[in-house]
Structure formats: structure tokens, C-alpha cells
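[1] What follows is a predicted structure for the sequence shown.
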Amino acid sequence: MRNIRVGLVSLAIALGTMASSVEGAAPAAAAGPRVLLVGSFHGVHGQYSSVQAAVDAARPGDWILIGPGDYHETDDEGSASSPSAYDLDHGDYGGVVISKSDLHLRGMSRTGVVIDGTKAGAPEACDNAPQWQNFGAIGNLGASAAPVGRNGIVVWKADSVSVENLTVCNFLAGTGDSGNQIWWNGGDDSGKVGLHGYAGSYLTATSTFFGPDGTVANAEATASTYGIFSSNSSGGSWDQIYASNFNDSGSYVGACQRVCNVTISNAWMEYNALGYSGTNSGGAVVIEHSQFDNNKDGLDTNTQIDGDPPAPQNGDCPDNETSPITHTHSCWVVVDDYFHNNNNPNVPEAGSASNGPTGTGMTLSGGKNDTVMDDRFANNGAWGLLLVPYPDENPPVENQSCPKTGGTEVSGFGCVYDPQGDAVVHNTFSNDGFFGNPSNVDFGELTLEGHQIQNCFRDNVDPQGSVPANLEATEAKCGPITKGPNVNSALFAQALCDTGFGACTPADKYPTFTGVVMHPLPKLATMANPCAGVPSNAWCRSGKPV
């Protein structure tokens with residue numbers, strides 16, 4: 001049971017009268033949206049001491065403002081072992097769970113409001129000491145009981161929910177679908193889009209902890225997995241987001257049935273296995289004005305037959321429309337971004353994310369009809385940009401088949417999807433490929449099959465060139481059907497080596513793992529006016545903080 005607290009509201013704010021409020025009691029009913037206040041701001045106490053208490057009391061259209069503080073939220077505590085309460089395999093459990101549509105959750109300070117996965121009583125926010133980590137309730141999954149981990153803020157099948165201006169940290173993985181800091185979840189593994197409309201801005205996601213007991217033993221199983229995540233959701237926007245220290249990716253969009261309709265702007269992803277990943281994410285996906293650095297692989301979108309169906313990853317515009325950015329039928333666009341220094345082998349890494357090629361700014365792994373334009377690639381030691389097939393040896397899900405989804409069965413690799421129909425235009429490369437291995441250049445292309453849509457390369461500044469050579473001359477035109485595969489033996493060998501799908505030779509030179517290093521947060525901008533757009537309340541008057 002949550003604590004009950006009676007607080008005094010400033011009489012200067014409350015129209016000269018003294019008022020009290022009780023934890024769990026919402027503001028008096030009034031026309032229009034209400035504002036529920038959590039914690040304190042400028043000495044004025046809100047009605048709630050926990051974020052979840054305010055979420056429980058809210059109704060659609062309401063605002064929830066959170067004052068500066070370290071909030072150890074555990075909504076699922078005591079219930080995770082009950083399948084009727086939470087579905088451990090599909091992510092509808094966490095520290096804060098929002099299942100009501102049209103709510104607005106906003107912190108009053110991006111750095112000062114922390115939704116913290118560590119145990120209550122930890123001496124510091126996001127404490128990295130092993131004894132303060134919280135691996136979630138004990139759940140009975142399979143043959144034995146084990147901690148199930150926990151997600152941070154979960155928006156569960158709720159439309160039009162915004163989360164803004166706060167930090168989420170140290171929500172760790174376990175045996176369930178967990179370890180995600182902020183997750184708009186429209187129904188993981190449902191094969192449907194169950195959430196429409198979402199927004200996140202001025203969000204920070206990170207973890208300070210790696211190793212269940214301060215060692216590396218079994219560490220990946222309990223590391224934080226994703227930073228800012230959407231699945232089975234459509235119609236979103238993220239702006240001014242940051243994520244670091246995740247063993248899969250800092251940000252992720254997937255399972256959106258190729259109608260993702262999401263724009264990611266002003267993102268900064270660093271110190272992750274992958275800065276961004278998106279399995280089978282297609283339709284309108286725009287990633288713009290963002291920075292990806294010090295990851296193992298800066299950005300990796302891929303096709304898989306066993307995850308987040310349907311395959312393939314396809315950037316075709318819905319309903320044969322034309323993108324206002326590319327002026328083609330490609331609506332998956334990475335534009336005006338900066339990919340640099342993605343050479344880090346000492347990040348947490350797990351699962352397929354560990355196959356991201358170290359030293360690569362961006363990888364299109366079996367991606368189809370995607371556009372990379374007006375971007376900068378610098379100081380990525382293997383390749384600035386790499387277009388390669390994606391091999392998937394796992395069994396298909398959702399009654400898919402390899403050939404019917406555009407893949408080819410290849411002995412030893414499973415279902416393989418070639419990159420095809422992708423456009424690489426007007427990008428600038430500098431000092432990429434400096435590892436010096438054969439085929440380490442500005443950009444490379446590898447396809448294993450012919451009779452597919454040709455990728456195209458045009459108007460790029462590429463001082464280190466391409467592999468195969470002269471791609472700008474041989475594949476300048478987008479759209480023709482290829483006559484055969486484009487296999488360069490050196491690139492094939494190096495891609496297998498660097499991704500871990502094949503063996504390296506003693507002559508191959510790539511950074512080697514020496515131990516996971518968790519990095520502190522940089523200084524990040526907070527929302528200039530956290531009261532903007534919020535109805536008047538005890539903390540905000542006429543759209544400005546009191």
C-alpha cells in the first residue's frame with residue numbers, strides 16, 4: 001500500500017487560502033484537463049509522492065507534472081509472479097505503467113527528475129553499486145523461479161501518451177521481456193499495431209550498472225537492454241532524446257507492420273552496442289538532425305524472419321505515396337545526421353546486436369527501399385556505411401516463410417535477406433576505413449543474389465572510395481533489376497569477421513574487447529519551459545513556472 005501523506009499547499013499560490021491534499025486523492029473535478037502534481041517544486045508540495053499514484057488517479061486528457069527528485073517506482077512489485085496481473089513475456093509490467101490514453105507525463109527538470117530502477121534508499125540516483133540493484137520480483141517462468149527484471153516507464157496499449165523532460169535509469173533485464181527504460185508497447189508479439197500516436201521529448205535513458213555481483217559473470221543477462229523503445233506502435237515522434245550504455249540499442253522502432261510513421265529528431269546515441277536499431281521497421285521512418293558516436297555500430301536496421309514480424313524491413317511509402325524528403329517512393333530516410341567514432345568494442349552487447357560490425361557508422365542489414373542522404377560519416381574505422389545481407393538461422397514466426405518474404409535459404413546461414421532498392425546519395429565521408437583491413441573504405445555493398453532491385457550511389461564525397469570499386473559509376477541509377485550478385489571476396493570475408501558470423505585471420509585488425517566500460521551522462525539540455533501548454537496549476541501560472 002502506498003503511503004498516505006497530508007501536505008500544505010502554499011497559501012500564496014492557493015489564492016490566499018490554506019489547502020491540504022491526500023495521497024491518492026485527485027484534484028477536484030473540473031471542466032477540461034486536470035493537472036496532477038508529484039513531489040515538490042519550488043517549495044510547493046503536490047498531491048502525490050509517487051508517479052504511479054498520479055497515473056492511477058489520472059483520467060484521459062490529464063497532465064502529470066513531476067517535481068525534481070529520485071523516484072524508485074515499482075508498480076509491478078508483488079504482482080510479477082501472477083500471470084493474470086502481468087504478462088512477463090510481453091512487457092506490460094514495469095516501474096510506472098500507463099494504460100490510459102491521452103495522458104501527458106512531464107518532469108519539471110530533465111536531469112532533476114529521475115525514474116530510478118535501483119532500490120529505494122540507494123545513496124545516489126542511478127547508483128552503480130551491486131547491492132542497490134533491483135532485478136524485479138520473482139516470477140515462475142519455465143522450470144524455475146527467478147527475478148524477472150523490470151521495465152521503466154511502460155505505455156501499454158494506450159494511444160496519444162507523451163513522456164517528456166526526465167531521466168530513466170537502471171531498469172535491468174532478467175528472465176522476462178525487461179530492461180527497457182521507456183517503452184511505448186502496443187502489444188509485443190501480437191502481430192498487430194495496438195498503439196496509435198506517441199511522443200517523447202527531452203528524454204534521457206541510461207544505466208550505470210553491469211554485472212549482477214560486480215563481475216562480468218552472467219552480466220549480459222541482467223544488463224539494461226534498450227533505452228527508448230517503441231513496438232507495435234504507429235504515429236510517433238521523439239525529439240531531444242539521449243541514450244547510453246545499452247546492450248542492444250539506445251533507441252529502437254519495430255513491429256509496426258511497415259506503417260511506423262515515426263520521426264526521430266535531435267537524438268544523441270552513444271556507448272551502446274547499436275545506437276539505433278529497427279527490425280522490420282518500414283513505411284515512414286525519418287531520422288534527422290541526430291548524432292551517433294562511440295557505439296559499436298552507430299545505426300543498424302535489419303530484416304529478420306524470427307523477430308518483430310512481418311519481414312522484410314521495407315522503406316516503401318505506404319499506399320505508393322511519395323516522400324516529401326526524398327521525392328521518391330522511399331519513406332525510410334536518414335537525413336542530416338552525424339555518424340562518427342563508432343569503434344567501441346567495450347560496450348554491453350547481447351543477442352543479435354552483438355553482431356553489429358565494430359567500427360561502422362551505419363549498417364543496412366537486409367534493408368529494402370531505404371534512403372541515406374545528406375549525412376556525415378567520420379572516423380569510423382571499418383566502414384562509414386555498409387550494405388550487407390542479414391542471415392537469420394532462427395525458425396520463422398507468425399507463419400512466415402523465407403522465400404515468401406523475399407529471403408533465400410543459404411546453407412550455414414539460414415534465411416538470408418539482401419539489401420536492395422536502397423539509395424545512398426549526397427553524403428560526406430572523411431577518415432573512414434582507417435583500420436586498414438582489406439575492403440575497409442567509406443562504403444561497401446554486398447549482395448548474394450541477382451534479379452533484385454539495384455541499390456544506387458550518387459553524389460557522395462568518398463575519399464576512401466567504395467567496395468566494390470566505382471559503385472557511383474556502376475550503380476548510379478536507382479531501380480533497375482540486377483543481373484547477378486555483387487560479391488567482393490575481401491568485403492565478404494571482412495564482413496563475416498567483423499560481425500562474428502565467420503572467423504577472422506591473424507592479419508585482421510579490429511578493436512578487441514577488453515572489458516565493458518559504462519560511461520557517465522554528459523550535460524544535456526532541459527526543456528526551456530516545462531509549463532508550456534500546461535493548464536494553470538499550483539506550479540504553473542499562465543504557462544510559466546511560479
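    Right, received. Where do you want to start?
[2] Can you pull the poorly scored residue ranges out of the stretch 1-150 of the chain?
    1-30, 78-84, 140-144 (pLDDT under 70).
[3] so where do the helices sit in it?
    Along the stretch 1-150 of the chain, counting by DSSP state H, counting those that start in this stretch, helices occupy 51-57.
[4] repeat for the chain
    Along the chain, counting by DSSP state H, helices occupy 51-57, 471-474, 489-499.
[5] The longest one - contacts with which helices or strands?
    This means helix 489-499. Counting contacts by 3 or more Cβ pairs under 8 Å, 6 or more residues apart in numbering; DSSP states H and E, helix 489-499 packs against strand 383-388, strand 443-445. For the C-beta atoms, the positions are set from N, CA and C on the backbone; glycine is no exception.
[6] hmm, back to that, can you put the helices of the chain in TSV and add mean neighbour count and distance to Ile305?
    Shown next, in TSV, are the helices of the chain (neighbours: other Cβ atoms under 10 Å; distance: least, Cβ to Cβ, whole Å):
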stretch	mean neighbour count	distance to Ile305
helix 51-57	22	37
helix 471-474	16	28
helix 489-499	20	18
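[7] Could you export these to a markdown table, including columns for distance to Asn394?
    Output for the helices of the chain, formatted as a markdown table (distance: least, Cβ to Cβ, whole Å):
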| stretch | distance to Asn394 |
| --- | --- |
| helix 51-57 | 36 |
| helix 471-474 | 31 |
| helix 489-499 | 16 |
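[8] Take the helices and strands packed on helix 489-499 and write them to JSON lines, including distance to Asp508, mean pLDDT and mean neighbour count.
    Converted to JSON lines, the helices and strands packed on helix 489-499 look like this (distance: least, Cβ to Cβ, whole Å; pLDDT from 0 to 100; neighbours: other Cβ atoms under 10 Å):
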{"stretch": "strand 383-388", "distance to Asp508": "14", "mean pLDDT": "98", "mean neighbour count": "31"}
{"stretch": "strand 443-445", "distance to Asp508": "15", "mean pLDDT": "98", "mean neighbour count": "27"}
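[9] pLDDT weak spots in the chain?
    Scanning the chain for pLDDT under 70 picks out 1-30, 78-84, 140-144, 212-217.
[10] Which of the residues in stretch 307-325 are classified as buried?
    For stretch 307-325, a neighbour-count test (16 or more other Cβ atoms under 10 Å) marks 307-317, 323, 325 as buried.
[11] swap in stretch 508-515?
    Judged by neighbour count using 16+ other Cβ under 10 Å, the buried positions of stretch 508-515 are Tyr510.
[12] now it, how far from the centre of its chain.
    What separates the centre of stretch 508-515 from the centre of its chain is 25 Å, taken as Cα atoms, centre = their mean, to the nearest Å.
[13] Tell me which residues are up against that stretch.
    The contact list for stretch 508-515 (Cβ atoms under 8 Å, 6 or more residues apart in numbering) reads 216, 343-346, 358-359, 381-382, 435-437, 494, 497-498, 504.
[14] of the residues you listed, buried ones?
    Buried subset of the contacts of stretch 508-515 (neighbour count, 16+ other Cβ under 10 Å): 343-346, 358-359, 381-382, 435, 437, 494, 497-498.
[15] And the strands in the stretch 301-450 of the chain?
    Secondary structure of the stretch 301-450 of the chain (DSSP state E, counting those that start in this stretch): strands at 332-335, 338-340, 360-365, 370-373, 376-378, 383-388, 390-392, 408-410, 414-417, 423-425, 428-430, 443-445.
[16] Could you count how many residues lie near the closest residue to Lys544 other than its chain neighbours?
    Closest residue in space to Lys544, ignoring its immediate chain neighbours: Cys531 at 5.4 Å, by Cβ to Cβ, 6 or more residues apart in numbering. Neighbour count for Cys531, taken as other Cβ atoms under 10 Å: 22.
[17] Give the buried residues for stretch 198-218.
    Across stretch 198-218, burial judged by 16+ other Cβ under 10 Å covers 198-212.
[18] returning to that earlier point: okay, the buried residues of stretch 307-325 in JSON lines with distance to Pro468 next?
    Output for the buried residues of stretch 307-325, formatted as JSON lines (distance: Cβ to Cβ, whole Å):
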{"residue": "Gly307", "distance to Pro468": "30"}
{"residue": "Asp308", "distance to Pro468": "32"}
{"residue": "Pro309", "distance to Pro468": "33"}
{"residue": "Pro310", "distance to Pro468": "31"}
{"residue": "Ala311", "distance to Pro468": "27"}
{"residue": "Pro312", "distance to Pro468": "23"}
{"residue": "Gln313", "distance to Pro468": "23"}
{"residue": "Asn314", "distance to Pro468": "25"}
{"residue": "Gly315", "distance to Pro468": "23"}
{"residue": "Asp316", "distance to Pro468": "26"}
{"residue": "Cys317", "distance to Pro468": "29"}
{"residue": "Ser323", "distance to Pro468": "28"}
{"residue": "Ile325", "distance to Pro468": "28"}
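[19] from the residues you listed, which single one is nearest Asp442?
    When the buried residues of stretch 307-325 are ranked by distance to Asp442 (Cβ to Cβ), Gly315 comes first, at 21.9 Å.
[20] ok, now which ones touch the residue nearest the centre of the chain?
    The residue lying closest to the centre of the chain (Cα atoms, centre = their mean) is Ser251, at 1.6 Å. The neighbours of Ser251, taking Cβ under 8 Å, 6+ apart as the test, are 226-229, 238, 241, 243, 264, 267, 269, 275-277.
[21] Compare these and tell me which is most surrounded.
    Busiest of the contacts of Ser251 [other Cβ under 10 Å] is Gly275, holding 35 neighbours.
[22] Give the bridge partners for the closest residue in space to that residue that isn't next to it in sequence, please.
    Distances taken as Cβ to Cβ, 6+ apart place Met269 nearest to Gly275, at 3.4 Å, with adjacent residues excluded. In this structure, Met269 bridges to Ala243, Phe292 when assessed by DSSP bridges.
[23] do the same with Ile481
    Per DSSP bridges, the residues bridged to Ile481 are Ile453.
[24] I'd guessed Asp70 sits against Gly121; true?
    No. Counting by Cβ atoms under 8 Å, Asp70 does not reach Gly121; the two are 10.3 Å apart.
[25] Who has more neighbours out of these two?
    Neighbour totals were compared for Asp70 and Gly121, and Asp70 leads with 19 against 8 (other Cβ under 10 Å).
[26] How about the contacts made by the more buried one?
    Val114, Asp116, Ala122, Ala125.
[27] Neighbours of the first one, how many?
    To tie it back to what came earlier, the one meant is Val114. 24.
[28] Next up, the contacts around Ser201.
    Counting by Cβ under 8 Å, 6+ apart, Ser201 touches Ser162, Glu164, Asn165, Ser237, Trp238, Asp239, Gln240, Ile241, Met527.
[29] hang on, I meant Pro310
    Gly191, Gln257, Arg258, Asn280, Glu398, Gln400, Thr405.
[30] so which of the residues you listed is the most crowded?
    Asn280 leads the contacts of Pro310 on contacts (other Cβ under 10 Å) with 27 neighbours.
[31] That one reaches Asp308, doesn't it?
    Yes. With contacts counted by Cβ under 8 Å, Asn280 reaches Asp308, the gap being 5.1 Å.
[32] Need the overlap of contacts for those two.
    Shared contacts of Asn280 and Asp308, counting by Cβ under 8 Å, 6+ apart, come down to Gly254, Ala255.
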